[in-house]
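Novice: Need coordinates for the following:
(one chain, ligands or ions: 3)
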Amino acid sequence: MASLPARAAPRLHELKLVAAPAQAKLVGEKFPSTDVWAFNGAVPGPTIRARVGDKLRITVENKLAEETAVHWHGIRVPNAMDGVPYLTQKPIAPGASFVYEFALPDAGSYWYHPHHRSFEQVPRGLHGALIVEEAEPPKVDRDEVWVLADWRLDDQAKLTADFGNFRDMSHDGRLGNTVTINGSEAEEWRLRAGERVRLRLINAASARIFALEFKDHKPVVIALDGQAVEPREPAGGRVVLSPAERADIILDAVGKPGQRSSVIDAFDPRAAYRLVDLVYDGAPLRQAAFGPPPRLAANALPEPDLAQAERFAVRFSGGMMGGPFEAVLDGTTLDPRALAGRGKFWAINGIVAGDHSAHAHGAPLLTLKRGTSAVLQIANDTAWHHPVHLHGHFFRVIAEGGAALKTQDWRDTVLMGPKESMDIALVAGESGLWMFHCHILDHQQGGMMAHIRVV
Ligand code: C2O
Ligand code: CU
Ligand code: CU
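Specialist: Ligands and ions are numbered 1, 2, ... in the order given. All right, here's what the predicted structure looks like:
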């Protein structure tokens, strides 16, 4: 019997991310490069890869003309490392740096992005993947990342400067007209017959919700938001991924050399489009049939105690066609017209968030005692989709529309459709202020943002 390889000792990875203007070739050679804002000159920024238990020490240097701060989406970091300006740190001034240092408690697919004026900094190109490998990764032929981003370009491939306009904010957010995989509008993605690929899908778009269909293939989902799930084919064969969500899928290359199969984004059936073609290239890697998809070991997340959990009602309201609506901004109750005049359209429990600096002084949505369980009964009173995200925690989605779910996935971001409701359960983690917001970045900016205080 072969002996097991010794588990590698935890490592410290030191790296530097410089946020600065740069140029990127997003679309074909026929177009000029696009002026972007990028980490280390590239969109997406460098993929950070480490192993569960390792530590990162990342110096973020700000060479933008405005402040920033970087958030490590999904990583259970100490509160002071969470990257939310005013709430957890001072914003990083132009020319200044900040050192983030934290351990990686959970394996999975994560990402990083600024949390300062996110509605502009993220879609200008500031985002990258953060991959935390398992202690014993499952056997696959290739482990690949697709960072999906969505750009609104003019006919010279220039980013339109209409970030945070009121129409995007009050409707479905800044949808672009150009979708890229790892920073370029790909025509083809190569596969070899017989290979098994672990594909880590990361939605870094501000607003676009994907529903990916892999024609002629049967992807199997093995993790959502980094957390292992019982391997399963996605409902209707479509991998739905709202902004900030991740899905790890196993893609078995069941096609033949020379085959071409499209990957379609059909979230909006009237505007379905081909994202990329899977193209079979070269000799088959092997002939053998594929075994069952690998299962990932679960991360050690604290299990909520539903019998003891305190329950909280959370209502999302506002937006166009949302019905009558009044909400409080900076202590004053305003009607939709007055709110719109101040660039605000959305509320959580009747409170409209101002920017982070004002928000930091506002009352938390709720206060939880560290280590105690809570159930948030979230209702979407609006006519729009909202990917709901909580920082610093994973929660189980335990019910939809009041009915208990059979499969209660762990998530850090969950998509709530118009007029839907869902219950999520969690154990309050590290003490501090943790953001809770819609990850359609224009909605967040438009007021759909709150924080939870853990004491
Ligand atoms: Cu992706 Cu508030 O975060
Ligand atoms: Cu986050
Ligand atoms: Cu939203």
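Novice: which stretches of the stretch 1-150 of the chain form strands?
Specialist: 12-24, 34-39, 48-51, 55-62, 70-73, 97-103, 108-114, 128-133, 142-151 (DSSP state E, counting those that start in this stretch).
Novice: Check the stretch 251-400 of the chain too.
Specialist: 260-265, 273-280, 310-318, 327-329, 332-334, 346-348, 351-352, 366-368, 373-380, 386-390, 395-400.
Novice: returning to what we had before: of the strands of the stretch 1-150 of the chain, which is nearest E187?
Specialist: strand 142-151 (14.5 Å; CB to CB). For the C-beta atoms, the positions are set from N, CA and C on the backbone; glycine is no exception.
Novice: what's that closest one in contact with?
Specialist: If you take CB atoms under 8 Å, 6 or more residues apart in numbering as the criterion, strand 142-151 is touched by 26, 34, 43-44, 47, 109, 111, 123, 125, 127-129, 131, 137, 159, 175-183, 195-208, 210, 241.
Novice: Now mean neighbour count too, for the strands of the stretch 1-150 of the chain, in JSON lines please.
Specialist: What follows is the strands of the stretch 1-150 of the chain, written out as JSON lines (neighbours: other CB atoms under 10 Å):
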{"stretch": "strand 12-24", "mean neighbour count": "16"}
{"stretch": "strand 34-39", "mean neighbour count": "22"}
{"stretch": "strand 48-51", "mean neighbour count": "18"}
{"stretch": "strand 55-62", "mean neighbour count": "18"}
{"stretch": "strand 70-73", "mean neighbour count": "26"}
{"stretch": "strand 97-103", "mean neighbour count": "17"}
{"stretch": "strand 108-114", "mean neighbour count": "25"}
{"stretch": "strand 128-133", "mean neighbour count": "22"}
{"stretch": "strand 142-151", "mean neighbour count": "20"}
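Novice: Could I get the buried residue list for the lowest-mean-pLDDT helix or strand in the chain?
Specialist: One helix or strand of the chain scores below all others by mean pLDDT, DSSP states H and E: helix 356-359, with a mean of 75. Residues of helix 356-359 classed as buried: 356, 359 (neighbour count, 16 or more other CB atoms under 10 Å).
Novice: How about the residues of the protein by ligand 2?
Specialist: Contacts of the chain with ligand 2, taken as CB under 5 Å from the ion, map to 73, 391.
Novice: can you give me the helices in the chain?
Specialist: 118-121, 166-170, 336-341, 356-359, 441-445 (DSSP state H).
Novice: Would you mind measuring from G331 to A338?
Specialist: From G331 across to A338, the span is 14 Å (CB to CB, to the nearest Å).
Novice: List the contacts of L153.
Specialist: With CB under 8 Å, 6+ apart, L153 has these contacts: 26-27, 34, 159-160, 176-178.
Novice: Number of residues surrounding the nearest residue to V52 once chain neighbours are set aside?
Specialist: Excluding the flanking residues, the one nearest V52 by CB to CB, 6 or more residues apart in numbering is A107, at 4.2 Å. Neighbourhood size, A107 [other CB atoms under 10 Å]: 25.
Novice: L376 contacts R315, doesn't it?
Specialist: No: using CB atoms under 8 Å, L376 is not in contact with R315, being 10.8 Å away.
Novice: Check what pLDDT the closest residue to R286 other than its chain neighbours gets.
Specialist: Among residues not flanking R286 along the chain, G194 sits closest, at 4.2 Å (CB to CB, 6+ apart). Looking at G194, its pLDDT stands at 97.
Novice: Now that G194 has come up, it's in contact with A283, right?
Specialist: No: using CB under 8 Å, G194 is not in contact with A283, being 9.3 Å away.
Novice: Once you drop chain neighbours, what's closest to S33?
Specialist: Nearest non-adjacent residue to S33, counting by CB to CB, 6+ apart: Q23, 4.1 Å away.
Novice: roughly how far apart are the one you found and T34?
Specialist: Distance from Q23 to T34, by CB to CB: 7 Å.
Novice: what's the domain layout of the protein?
Specialist: With domains defined by automatic domain parsing, the chain comprises 12-136, 147-280, 310-454.
Novice: rank the ones you listed by pLDDT, which is bottom?
Specialist: Lowest mean pLDDT within those: domain 310-454, a mean of 94.
Novice: What residue in the stretch 351-455 of the chain comes nearest to ligand 1?
Specialist: M435 (4.6 Å; CB to the nearest ligand atom).
Novice: Compare L376 and R315 and say which is more crowded by neighbours.
Specialist: Under the neighbour definition other CB under 10 Å, L376 and R315 were set side by side, and L376 has more, 22 against 15.
Novice: Show the contacting residues for the residue nearest to V52.
Specialist: Residues counted as contacts of A107 (CB under 8 Å, 6+ apart) are 51-52, 132-135, 226, 296-297, 299.
Novice: Now do stretch 152-172: distance to the chain's middle.
Specialist: Its chain's C-alpha centre and that of stretch 152-172 lie 20 Å apart, by CA atoms, centre = their mean, to the nearest Å.
Novice: residues of that stretch that come out buried?
Specialist: Buried residues in stretch 152-172, counted by 16+ other CB under 10 Å: 152-153, 157, 159, 163, 168-172.
Novice: Close to ligand 1: what parts of the stretch 101-250 of the chain are there?
Specialist: Within the stretch 101-250 of the chain, the positions adjacent to ligand 1 are 113, 115, 244 by CB under 6 Å from any ligand atom.
Novice: Kindly reformat these as a markdown table containing distance to K419.
Specialist: Shown next, in a markdown table, are these (distance: CB to CB, whole Å):
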| residue | distance to K419 |
| --- | --- |
| H113 | 29 |
| H115 | 29 |
| A244 | 22 |
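Novice: contacting residues for L175?
Specialist: 150, 152, 168, 207-208.
Novice: any idea how far the spatially closest residue to F214 that is not a sequence neighbour lies from G183?
Specialist: In space, and not counting its chain neighbours, F214 is closest to V263: 5.4 Å by CB to CB, 6+ apart. V263 sits 17 Å away from G183, going by CB to CB.
Novice: what does V454 give?
Specialist: According to CB to CB, V454 stands 36 Å off from G183.
Novice: returning to what we had before: return the closest of the contacts of L153 with respect to ligand 1.
Specialist: G176 (17.9 Å).
Novice: near ligand 3 at all, stretch 175-187?
Specialist: No: counting by CB under 5 Å from the ion, no contacts exist between stretch 175-187 and ligand 3, the nearest distance being 12.9 Å.
Novice: start the count at 461, not 1, going forward
Specialist: Right, with 461 as the first residue, what we last looked at is stretch 635-647.
Novice: ok so, going back, could the helices of the chain be laid out in TSV, adding distance to ligand 3?
Specialist: Output for the helices of the chain, formatted as TSV (distance: least, CB to the ion, whole Å):
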stretch	distance to ligand 3
helix 578-581	12
helix 626-630	10
helix 796-801	15
helix 816-819	16
helix 901-905	3
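Novice: export those helices to TSV and tack on distance to L475?
Specialist: Output for these, formatted as TSV (distance: least, CB to CB, whole Å):
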stretch	distance to L475
helix 578-581	20
helix 626-630	33
helix 796-801	42
helix 816-819	26
helix 901-905	25
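Novice: Thank you kindly, that will do.
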